[in-house]
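Engineer: Pasting the sequence and the predicted coordinates here, then a few questions.
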Amino acid sequence: MLFVDFDGVLHPVGEATLDEDFRLIENPGLFVWRPILELLLASYPAVRIIVSSDWRRIFDDATSVRLLGPLGNRFVGVVESYGACRSEAIRMEVRRRRIVHWLAIDDHPSVITAQAEERRFIANDSARGLSDEAVRRTLCEMLSAFPGALATRFSAP
């Protein structure tokens, strides 16, 4: 399971997202790093996505699936737990769903702190997100460490 934030992970923080009526605007700067995640997860077809982004409070599941584009078929839901901070909400969701194998990629300050205690939290810079080579390398290393079927690499047909 991979917990994914949007702002600061799939595109830089600060990209315009909503109009004055809280509707998603057309902005080519949004989700510019989603193709990187698509490539990284291509070898791990069993990995599913839970959206941990604050966007989960604004948009419904169908919109999250659409925003994930080609990764939409991996969507299993959003973080429904609310903790004192993002990392705590993710931990609560892990317990609630009884998830054993998981990672979280996020730029939230609480994730940066949590990463020091638990390697499953992958913190990144909000301006570089998945465009940062070190973050990509860490995510790949952590994915390859998943046991059994979760890390099974499949050849293209």
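Structural biologist: Cool, the structure landed.
Engineer: what sits against residue 99?
Structural biologist: By Cβ atoms under 8 Å, 6 or more residues apart in numbering, the contact set of residue 99 is 1, 93. Heads up, the C-betas are built off the backbone N, CA and C, glycines and all.
Engineer: One more: residue 104?
Structural biologist: For residue 104, the contact set (Cβ under 8 Å, 6+ apart) comprises 2-4, 52, 87, 90, 111, 120-122.
Engineer: Could I get the pLDDT score of the residue nearest to it when sequence neighbours are not counted?
Structural biologist: Spatial nearest neighbour of residue 104, excluding adjacent residues (Cβ to Cβ, 6 or more residues apart in numbering): residue 3 at 3.7 Å. Note on residue 3: pLDDT of 97.
Engineer: Run through the bridge partners of residue 3.
Structural biologist: residue 50, residue 104 (DSSP bridges).
Engineer: roughly how far apart are it and residue 135?
Structural biologist: Distance, residue 3 to residue 135, using Cβ to Cβ, to the nearest Å: 14 Å.
Engineer: Quick check, residue 56 in contact with residue 81.
Structural biologist: No: counting by Cβ atoms under 8 Å, residue 56 does not reach residue 81; the two are 11.0 Å apart.
Engineer: more crowded one of these two?
Structural biologist: Shown here are residue 56 and residue 81; by other Cβ atoms under 10 Å, residue 56 has more neighbours (20 against 16).
Engineer: list the contacts for the nearest residue to that one once chain neighbours are set aside?
Structural biologist: Nearest non-adjacent residue to residue 56, counting by Cβ to Cβ, 6+ apart: residue 78, 3.8 Å away. Residues near residue 78 by Cβ under 8 Å, 6+ apart: 50-52, 56, 61, 64.
Engineer: which one of these sits closest to residue 126?
Structural biologist: Comparing the contacts of residue 78 against residue 126 with Cβ to Cβ places residue 52 closest, at 14.3 Å.
Engineer: quick one: that closest one from residue 23, how far?
Structural biologist: 23 Å.
Engineer: More neighbours: which of these two?
Structural biologist: More neighbours surround residue 52 than the other of residue 52 and residue 23, with 26 against 8 (other Cβ under 10 Å).
Engineer: wait, is residue 134 part of a helix?
Structural biologist: Yes: counting by DSSP: H, G, I helix; E, B strand; the rest coil, residue 134 falls inside a helix.
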